[in-house]
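> Provided below are the primary sequence and the corresponding predicted coordinates.
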Amino acid sequence: MASLTVFALMEATNTTRVLEHLNELRKFGGTGGGKRGLGVSRQALTPPDIAAREWVMARMADAGLARRRMDGIGTVYGEGGDPSAPSLLMGSHTDSQPEGG
């Protein structure tokens, strides 16, 4: 398998879809506050945060990840169906500070 450079990955990224997903994610705990009315208050393990994490797991299913789970502290995991396929490990968070977005 050919190595994918960061630039090739960036070029292949559907930026419209990324922004649509970020705007959808913002609805979980959105407050309408902040400079542009886009504030979010989604503190860890609150109902809006859990709903956001479940939404992320649904997007993982849409992307074809065979197994998705959330552990007791809210860490979300997604696994593909082919153990011989190349792996990718990445991390982020979906919670926010109050009005932090």
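Great, that's in hand. Every value quoted in this text rests on a predicted model; they were computed, and no experiment measured them. Numbering: from 1, shown residues only.

> max-length helix in the protein?
Using DSSP state H to define each element, the chain has its longest helix at helix 47-62.

> those helices in the chain, which residues are they?
Under DSSP H, the chain gives helices at 6-12, 15-26, 47-62.

> deepest of these, which one?
helix 47-62 (a mean of 16; mean count of other C-beta atoms under 10 Å). For the C-beta atoms, the positions are set from N, CA and C on the backbone; glycine is no exception.

> Next, the angle helix 15-26 makes with that one.
Here helix 47-62 runs at an angle of 150 degrees relative to helix 15-26 (axes from the mean of the first three to the mean of the last three C-alpha atoms, to 10 degrees).

> export helix 47-62 as PDB, just CAs?
C-alpha atoms of helix 47-62 as PDB (Å, rounded to 0.1, in the frame of the first residue of the first chain):
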ATOM      1  CA  PRO A  47     -26.600  14.800  28.700                       C
ATOM      2  CA  PRO A  48     -25.600  17.000  25.700                       C
ATOM      3  CA  ASP A  49     -22.100  15.600  25.800                       C
ATOM      4  CA  ILE A  50     -23.300  12.000  25.900                       C
ATOM      5  CA  ALA A  51     -25.700  12.700  23.000                       C
ATOM      6  CA  ALA A  52     -22.800  14.300  21.000                       C
ATOM      7  CA  ARG A  53     -20.600  11.200  21.600                       C
ATOM      8  CA  GLU A  54     -23.500   9.000  20.500                       C
ATOM      9  CA  TRP A  55     -23.900  11.100  17.400                       C
ATOM     10  CA  VAL A  56     -20.100  10.700  16.700                       C
ATOM     11  CA  MET A  57     -20.500   6.900  17.000                       C
ATOM     12  CA  ALA A  58     -23.400   7.000  14.500                       C
ATOM     13  CA  ARG A  59     -21.100   8.900  12.100                       C
ATOM     14  CA  MET A  60     -18.500   6.100  12.700                       C
ATOM     15  CA  ALA A  61     -21.100   3.600  11.700                       C
ATOM     16  CA  ASP A  62     -21.900   5.700   8.600                       C
END
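
> That concludes my questions; thank you for your assistance.
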